[in-house]
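> can't give you the sequence, but here's the structure:
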C-alpha cells in the first residue's frame, strides 16, 4: 500500500499543498511582533511574517499549478 503512494507525484504534490496551507495558517496566527525564520537552502534567515507568508503563498500557487498540469495531462 505504501509503495503505490510513494511513487505517485500527485500524492506528493497534495502533501506539499497541505504543508504550505498549514504554514500560512500558522504564520497568520502569530502576532506581528513575532520574529520568524525562513529556510533558504540549508540556512535560515530572519524575516517578517508578511514576507514569509508571501513566500509560502507563492510556493502554494506554484505547487497547485504543478498539480493542475499533472491532472490535465
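Now that the structure is in, tell me what you want to look at. Predicted, not measured: the structure shown is a model, and the values here were computed from it. Numbering: from 1, shown residues only.
> By residue count, which helix of the chain is the longest?
Looking across the chain with DSSP state H, the single longest helix is helix 49-72.
> Burial check on residue 36, number of neighbours?
17 (other Cβ atoms under 10 Å). Every C-beta, even on glycine, is put in place using the N, C-alpha and C of the backbone.
> correction: residue 59
Quick note: residue 59 (other Cβ under 10 Å) scores 16 neighbours.
> again with residue 52
20.
> now residue 9
Neighbour tally, residue 9, other Cβ under 10 Å: 10.
> tell me which residues of the longest helix of the chain are tucked away?
49, 52-53, 55-56, 59-60, 63, 66-67 (16 or more other Cβ atoms under 10 Å).
> Distance to residue 19 and pLDDT added to those, as TSV?
Output for those, formatted as TSV (distance: Cβ to Cβ, whole Å; pLDDT from 0 to 100):
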residue	distance to residue 19	pLDDT
49	18	95
52	14	95
53	14	95
55	13	95
56	9	95
59	9	95
60	9	96
63	9	95
66	14	93
67	13	92
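> Go through these and name the one nearest residue 34.
Checking the buried residues of helix 49-72 against residue 34 by Cβ to Cβ gives residue 49 as the nearest, at 6.6 Å.
> Surely that closest one and residue 33 touch.
No - judged on Cβ atoms under 8 Å, residue 49 makes no contact with residue 33 at a distance of 9.3 Å.
> picking that back up, now what about the longest helix of the chain, what contacts it?
Here helix 49-72 makes contact (Cβ atoms under 8 Å, 6 or more residues apart in numbering) with 9-10, 13-14, 16-17, 20-21, 23-24, 27-28, 30, 32, 34, 36, 38.
> In terms of helix, strand or coil, where does residue 44 fall?
strand (DSSP: H, G, I helix; E, B strand; the rest coil).
> Cool, thanks, signing off.
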